[in-house]
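[1] I'll drop the sequence and a predicted model, then ask my questions.
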Amino acid sequence: MSKAVKIWLIVAAALVLVGGIIWGGVMSVLQWDFTKLSTIKYETNEYRINETYQHISIKTNTADIRLMLSEDGSTSVVCHEAEDIKHTVTVKDGTLTIHREDTRKWYRHIGVSIGSPTVTVYVPEGVYGALSVESGTGKVEISRGFTFESMDIDGDTGDVVCQASVTGNGRIKTDTGHITVQDMTAGELVLSVSTGKVKVSNITCDGDLSIKVSTGRANVTDVTCDNLISHGNTGDLTLTNVVSDGAFTIERSTGDVKMEACDAATLTVETDTGNVTGSLLTDKIFMCESDTGWINVPKTVQGGVCEITTNTGNIRIHIAE
């Protein structure tokens with residue numbers, strides 16, 4: 001190693017040491033409160049709603065969204081938000097609207113942000129019209145105690161947790177975020193993720209329950225519906241105590257399909273390399289095919305048709321006693 005290289009290494013090490021000492025000194029003065037490093041200042045604003053409304057529309061980019069029961073029977077919106085990027089809260093044409101529009105110049109986006117904006121909407125228990133939620137990276141939480149005529153929740157990377165019921169069509173979509181739906185009733189429910197997971201439990205659907213995933217897993221427990229429809233690529237599908245008045249229509253590539261104590265009038269399951277295993281509640285006429293996998297199903301000759309097709313996957317189904 002040359003003398004010049006050694007000198008440069010020593011200088012670099014010294015600069016790193018000095019920088020560490022300065023950083024430690026600054027943080028000591030700030031009592032190691034990293035929020036004080038933020039160049040974006042947050043404030044909390046409360047908006048009281050006195051007008052009547054039937055529908056709710058929430059649109060924001062990064063804020064976590066919570067729709068909660070109001071303890072005093074009134075409506076209020078509490079926003080923890082940046083000082084220069086506030087939400088607008090209005091009631092117009094029967095719709096409670098909470099929107100955040102970022103109109104800053106590009107150079108105003110440069111800075112350090114430590115903290116997370118939140119929008120908490122407190123609403124009295126009851127029946128409402130349409131719920132529309134559009135979020136970006138923030139989480140969405142809809143608590144129990146509400147019933148909507150329709151529901152449309154659209155997110156990107158944030159998780160969605162929903163316990164509110166919907167009499168008509170309910171749609172929840174996110175990309176990498178997880179979807180959790182539980183303890184609710186629905187007319188028709190459509191759940192869609194890319195790499196996120198889907199968890200459904202204790203649901204009654206008068207119509208179809210549709211679950212679409214790409215690489216994420218889906219777990220469905222204690223559900224009754226008209227038809228169950230699920231499409232996916234590599235994500236596994238696990239069904240426990242799921243009963244359909246109509247049909248199961250399931251398609252996977254490399255993902256496994258597991259059914260425990262499930263039933264439907266007819267079942268159609270198709271995979272490539274995924275295995276299909278589990279138990280059904282009533283006899284079926286089994287029509288099963290696998291190219292290289294093995295097949296073990298009951299030799300029953302009554303009931304609806306259960307058609308299972310795989311390429312290299314195995315098929316193992318029995319009737320629960």
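    Looks like it came in fine. Residues are numbered from 1 along each chain as shown.

[2] what about R144, helix or strand, and which?
    In the assignment (DSSP states H and E), R144 maps to no helix and no strand.

[3] Surely it touches Q163?
    Yes. The pair R144 and Q163 passes the contact test of CB atoms under 8 Å, sitting 3.9 Å apart. C-beta coordinates here come from the backbone N, C-alpha and C atoms, glycine included.

[4] and for these two, which residues touch both?
    183-184 (CB atoms under 8 Å, 6 or more residues apart in numbering).

[5] So the two - more neighbours on which side?
    Neighbours were counted for R144 and for Q163 using other CB atoms under 10 Å; Q163 has more, 17 against 14.

[6] can you map out the strands along the stretch 201-321 of the chain?
    209-212, 218-225, 228-231, 237-244, 247-251, 257-262, 266-270, 276-280, 284-290, 295-296, 304-310, 315-319 (DSSP state E, counting those that start in this stretch).

[7] Dump the ones you listed into JSON lines; add distance to D175 and mean pLDDT as well.
    Formatted as JSON lines, the strands of the stretch 201-321 of the chain follow (distance: least, CB to CB, whole Å; pLDDT from 0 to 100):
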{"stretch": "strand 209-212", "distance to D175": "12", "mean pLDDT": "97"}
{"stretch": "strand 218-225", "distance to D175": "15", "mean pLDDT": "98"}
{"stretch": "strand 228-231", "distance to D175": "16", "mean pLDDT": "97"}
{"stretch": "strand 237-244", "distance to D175": "19", "mean pLDDT": "98"}
{"stretch": "strand 247-251", "distance to D175": "20", "mean pLDDT": "97"}
{"stretch": "strand 257-262", "distance to D175": "23", "mean pLDDT": "98"}
{"stretch": "strand 266-270", "distance to D175": "25", "mean pLDDT": "97"}
{"stretch": "strand 276-280", "distance to D175": "28", "mean pLDDT": "97"}
{"stretch": "strand 284-290", "distance to D175": "33", "mean pLDDT": "96"}
{"stretch": "strand 295-296", "distance to D175": "37", "mean pLDDT": "96"}
{"stretch": "strand 304-310", "distance to D175": "29", "mean pLDDT": "97"}
{"stretch": "strand 315-319", "distance to D175": "32", "mean pLDDT": "97"}
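
[8] what's the closest of the ones you listed to L189?
    strand 209-212 (5.2 Å; CB to CB).

[9] List of residues touching that closest one?
    By CB under 8 Å, 6+ apart, strand 209-212 touches 186, 188-193, 198, 200, 203, 218, 220, 223, 225, 227-232, 237.

[10] in its sheet, what does it sit against?
    Sheet partners assigned to strand 209-212 using DSSP bridges are listed as strand 179-192 (parallel), strand 228-231 (parallel).

[11] Pull the distance from that strand to the chain's centre.
    13 Å (CA atoms, centre = their mean, to the nearest Å).

[12] and if you look at stretch 162-179?
    The answer for stretch 162-179 is 7 Å, by CA atoms, centre = their mean.

[13] C-alpha coordinates for it, PDB please?
    Taking C-alpha atoms only, stretch 162-179 is exported to PDB below (Å, rounded to 0.1, in the frame of the first residue of the first chain):
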ATOM      1  CA  CYS A 162     -62.300  -3.800   8.000                       C
ATOM      2  CA  GLN A 163     -65.000  -4.800  10.500                       C
ATOM      3  CA  ALA A 164     -67.900  -2.800   9.100                       C
ATOM      4  CA  SER A 165     -70.700  -4.400   7.300                       C
ATOM      5  CA  VAL A 166     -72.000  -3.600   3.800                       C
ATOM      6  CA  THR A 167     -75.400  -4.500   2.400                       C
ATOM      7  CA  GLY A 168     -74.400  -4.100  -1.200                       C
ATOM      8  CA  ASN A 169     -71.100  -4.500  -3.000                       C
ATOM      9  CA  GLY A 170     -67.800  -4.200  -1.000                       C
ATOM     10  CA  ARG A 171     -64.500  -3.900  -2.700                       C
ATOM     11  CA  ILE A 172     -61.100  -3.700  -1.000                       C
ATOM     12  CA  LYS A 173     -57.900  -3.500  -3.100                       C
ATOM     13  CA  THR A 174     -54.200  -3.000  -2.200                       C
ATOM     14  CA  ASP A 175     -50.900  -3.900  -3.700                       C
ATOM     15  CA  THR A 176     -48.300  -4.900  -1.200                       C
ATOM     16  CA  GLY A 177     -50.500  -4.300   1.900                       C
ATOM     17  CA  HIS A 178     -52.400  -6.900   3.800                       C
ATOM     18  CA  ILE A 179     -56.200  -7.200   4.000                       C
END
